[in-house]
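Asker: dropping the sequence and predicted coords here.
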Amino acid sequence: MLLKDKVVIVTGGSRGIGRAIAVASAREGADVAINYWGDNDASYGRRSAVEEVLGEIEALGRRAIAVEGNVALPETGTELVKRTVQAFGKVDVLASNAGICPFHAFLDMPPEVLETTVGVNLNGAYFVTQAAARQMKEQGTGGAIVATSSISALVGGGMQTHYTPTKAGVHSLMQSCAIALGPYGIRCNSVMPGTIATDLNAEDLADEAKKAYFEKRIPLGRLGRPEDVADCVVFLASDLARYVTGAALLVDGGMFVNLQ
Ligand code: RM4
């Protein structure tokens, strides 16, 4: 039980990688607070998805709450931490995972698409990390923060000019927070998922040629699964990584290093 009796917050916890992190944390003994964003787009935090993941966690014998909110708003992180402490008495781990990637060309990128993506992916990570770190500092028993950056922090994407800078920023945020929060025993690291099959990229990967390109480019021969990332987040959140902070872990099946 790598996270026995820990309290874990997961943003974007109702789907994809976030959902896998929430369930993996519960499997390792944690109680879990998930954040979700009940947008007018049914694919964002649809209530049924939230109920499913809460049910999965409770079926593992752990407690779970769901708190709706757009992480791009500073008050969301504050409310999320408050509700978590009210429910479970503390915060030990933050998985700052919420993120969007509305693929779009650069030359006609609407300002609002850029602003929304930066707001959720980078500003949101900043605000939630700040809120969780304040609580961890007050508790005085350290903590672990794991951000979902991306392989896109290291490489570009022609349809992701608004997105890749946010993932580079999330990685850099963890490096700086590792320094700022180290004195309080709070570790900050990021995972860098490669191409993981989730609803974030389902439309993009519906292009069979693109999917085949990725599978050929990945030495392990398959797209990633959310669980592949979640287990790495659990490692970085656990005491197995007690001397790891300011680091980044590529979880990409070898794609990044595969030029030829
Ligand atoms: C990742 C990477 C993947 C893409 C997701 C949405 O950073 O670029 O290829 O599917 O973003």
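Answerer: Noted; the coordinates are in hand.

Asker: show me where the stretch 151-260 of the chain has its helices.
Answerer: In the stretch 151-260 of the chain, helices defined by DSSP state H, counting those that start in this stretch lie at 164-181, 202-205, 208-217, 226-237, listed in chain order.

Asker: cool, the stretch 1-150 of the chain as well?
Answerer: Applying DSSP H, counting those that start in this stretch to the stretch 1-150 of the chain gives helices spanning 16-27, 47-59, 74-88, 111-118, 124-139.

Asker: how about the fourth one: buried residues?
Answerer: Buried residues in helix 111-118, defined by neighbour count with 16 or more other C-beta atoms under 10 Å: 113, 114, 116, 117, 118. To be clear about C-beta, it is placed using only N, CA and C from the backbone, and glycine gets the same treatment.

Asker: now, which of these sits nearest the ligand?
Answerer: Each of the buried residues of helix 111-118 was checked against the ligand using C-beta to the nearest ligand atom; the closest is residue 117, at 11.2 Å.

Asker: how many neighbours does residue 107 have?
Answerer: Counted by other C-beta atoms under 10 Å, the residues lying close to residue 107 total 6.

Asker: next one: it from residue 38, what distance?
Answerer: For residue 107, the distance to residue 38 (C-beta to C-beta, to the nearest Å) stands at 33 Å.

Asker: same thing with residue 240?
Answerer: Relative to residue 38, residue 240 is positioned 35 Å away (C-beta to C-beta).

Asker: got it, and residue 116?
Answerer: Residue 116 is 16 Å from residue 38, by C-beta to C-beta.

Asker: gap between stretch 218-236 and the chain center?
Answerer: Taking C-alpha atoms, centre = their mean, to the nearest Å, the mean C-alpha location of stretch 218-236 is offset from the chain mean by 13 Å.

Asker: wait, does that stretch contact the ligand?
Answerer: No - for stretch 218-236 and the ligand, the contact criterion (C-beta under 6 Å from any ligand atom) is not met; the two come no nearer than 8.7 Å.

Asker: okay, that stretch in PDB with CA atoms only?
Answerer: Once non-C-alpha atoms are left out, stretch 218-236 reads as follows in PDB (Å, rounded to 0.1, in the frame of the first residue of the first chain):
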ATOM      1  CA  ILE A 218       6.800   4.100 -30.200                       C
ATOM      2  CA  PRO A 219       9.500   1.400 -29.500                       C
ATOM      3  CA  LEU A 220       7.000  -0.500 -27.200                       C
ATOM      4  CA  GLY A 221       4.700  -0.600 -30.100                       C
ATOM      5  CA  ARG A 222       1.500   0.700 -28.600                       C
ATOM      6  CA  LEU A 223      -0.200   3.900 -27.500                       C
ATOM      7  CA  GLY A 224      -0.100   4.500 -23.700                       C
ATOM      8  CA  ARG A 225      -3.000   3.700 -21.400                       C
ATOM      9  CA  PRO A 226      -4.100   6.100 -18.600                       C
ATOM     10  CA  GLU A 227      -3.000   3.400 -16.000                       C
ATOM     11  CA  ASP A 228       0.500   3.500 -17.500                       C
ATOM     12  CA  VAL A 229       0.800   7.100 -16.300                       C
ATOM     13  CA  ALA A 230      -1.200   6.700 -13.100                       C
ATOM     14  CA  ASP A 231       1.200   4.100 -11.700                       C
ATOM     15  CA  CYS A 232       4.100   6.500 -12.300                       C
ATOM     16  CA  VAL A 233       2.200   9.300 -10.500                       C
ATOM     17  CA  VAL A 234       1.600   6.900  -7.500                       C
ATOM     18  CA  PHE A 235       5.400   6.200  -7.500                       C
ATOM     19  CA  LEU A 236       6.300   9.900  -7.400                       C
END
